[in-house]
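Student: Everything below, folded, please.
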Amino acid sequence: MTTTTTVPAGPPAVTHRPETLAEYARTYLARIRGGDIGSLPAVLGLLVLCVIFTAVRPVFLTAGNFANLFLQGAQITLIAMGLVFVLLVGEIDLSAGYTSGLCASVAAVLLTWHNLPWYVAVSAALATGVVIGLVLGVFVARVGIPSFVVTLAGFLGFQGVMLMIIRGGTIIPVNDSVIVAIANRNMPPWLGWVLAAAGVAGFAAVQLYSQRRRVARGLVTPPLAVVLIRIGVLAAVLGAAVYVLNLERSRNPALVSLKGVPIVVPLIAVLLIAGTFLLNRTAFGRHLYAVGGNREAARRAGINVDRICIAAFVICSTMAAIAGVVAASRSNSVDATTGGSDVLLLAVGAAVIGGTSLFGGKGRVVNAVIGGAVVAVINNGMGLMGYSAGVKFAVTGSVLLLAAGVDALSRRRAVATGTR
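Tutor: Got it, this is the predicted structure:
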């Protein structure tokens, strides 16, 4: 007699169909109620500010002023993009402003006093930023000195080194055509359209490819309609921006034409894409979030916490170096105030206002761009309304305090609901 053994079947494979729009909306609202609000407050605030300033001063929405917003906010935004990496691991860099000034002074001295090519000067500035980041990171991660103390020392020390490099109060002109073009020249109108189309096409390809992979793996997937809406919104925003920037901004077009997307805009866009890819698509990015979320748990999981922390400072200082070159380009010179004054405070404010947490573990590079836009709009709009610098600082500080308060409340809500 033959005995048949029946092998019990394993649990059925769990598969997920794409969510419907209604399900996706409910999930999104649940995340917001749970404290995961991201950059939503900053986006809403930016829209409200633009409406108010346009209603009070219609010149705010002109093509010329729109281009000025990018130029005025470029340095702050670039430094803030680097600060996001340091904030993600729960640290702070108070020296980023003068790091940008020091790196800019290195480039200016090599360009003007030593007549070296622009690529040598820029490479030296970037290398200076890397070295500064390594020094700061080692003191914080290896020696164990709090980042507040280390970078506060850097804030003072780098200012002194910069003054020695530029010989006190000497103003060093920057006349190299390539460097000057970064913040003072525009792309041809057709090139702006080409880059915008390429950006939308690339974003669409990434979104649709990710959608298809998640469906194939049986993961929870947003509805295709949401993906198409994201692509459509990006296309509309980029199309409107390029259209406005391609309008003639010169008061006397017969003598000089002024139209096209400023060259600094694609520079910021490329760095935004690179930073976003680094955080979202690499193991290094996942480790950054892990260290910021729970440093001890990350260490026990085998993550080299010290190395991640040092890398975050290197990226921050390198971004500050790029910001310094942009600042030198915009002013056509470097002096004792480059990277000083309110640059650091506004950069930290931009990162936090955009949605990056001061407590670590939460933030994206795009948060810095959104926050930088908010800061630029406040300064620009209030300047058009004739308010003093004191009023601008008071308003920006209030917005920063509000953003930090929202971050603290959202974290508390996330803990209470068990989503963190």
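Student: Look up how far G34 lies from Q159.
Tutor: Distance from Q159 to G34, counting by Cβ to Cβ, to the nearest Å: 43 Å. For the C-beta atoms, the positions are set from N, CA and C on the backbone; glycine is no exception.
Student: Now do the domain split for the protein, please.
Tutor: Taking automatic domain parsing as the reference, the chain has its domains at 38-185+262-404, 186-261.
Student: In the stretch 1-150 of the chain, where is pLDDT below threshold?
Tutor: 1-19, 35 (pLDDT under 70).
Student: one step back: could you single out the most deeply buried of the domains of the chain?
Tutor: Most buried of the domains of the chain, by mean neighbour count (mean count of other Cβ atoms under 10 Å): domain 38-185+262-404, with a mean of 20.
Student: end to end, how far does it reach?
Tutor: 12 Å (Cα to Cα, to the nearest Å).
Student: Surely A323 touches S100?
Tutor: Yes: between A323 and S100 a contact is recorded at 4.5 Å, counting by Cβ atoms under 8 Å.
Student: Identify the contacts common to those two.
Tutor: Residues within reach of A323 and of S100 at once, by Cβ atoms under 8 Å, 6 or more residues apart in numbering, are 75, 79.
Student: excluding its backbone neighbours, what's nearest L163?
Tutor: Excluding the flanking residues, the one nearest L163 by Cβ to Cβ, 6 or more residues apart in numbering is A336, at 6.0 Å.
Student: who's in contact with that neighbour?
Tutor: Here A336 is in contact with 162-163, 166, 168-169 (criterion: Cβ under 8 Å, 6+ apart).
Student: N115 looks like it's in a helix, true?
Tutor: No: N115 is assigned coil when assessed by DSSP: H, G, I helix; E, B strand; the rest coil, not a helix.
Student: What separation is there between it and V178?
Tutor: 14 Å.
Student: In three-state terms, label S257 for me.
Tutor: Once three-state DSSP is applied, S257 turns out coil.
Student: Could you pull up the residues touching it?
Tutor: Contacts of S257 (Cβ under 8 Å, 6+ apart): 248, 250.
Student: Give me the pLDDT value at it.
Tutor: Looking at S257, its pLDDT is 82.
Student: try the one 5 residues further on
Tutor: At P262, the pLDDT value in this model is 95.
Student: Would you confirm that it contacts F70?
Tutor: Yes: between P262 and F70 a contact is recorded at 5.4 Å, counting by Cβ under 8 Å.
Student: Could you pick out which of the contacts of A336 are located in helices?
Tutor: In this view, the contacts of A336 that belong to helices under DSSP state H are 162-163.
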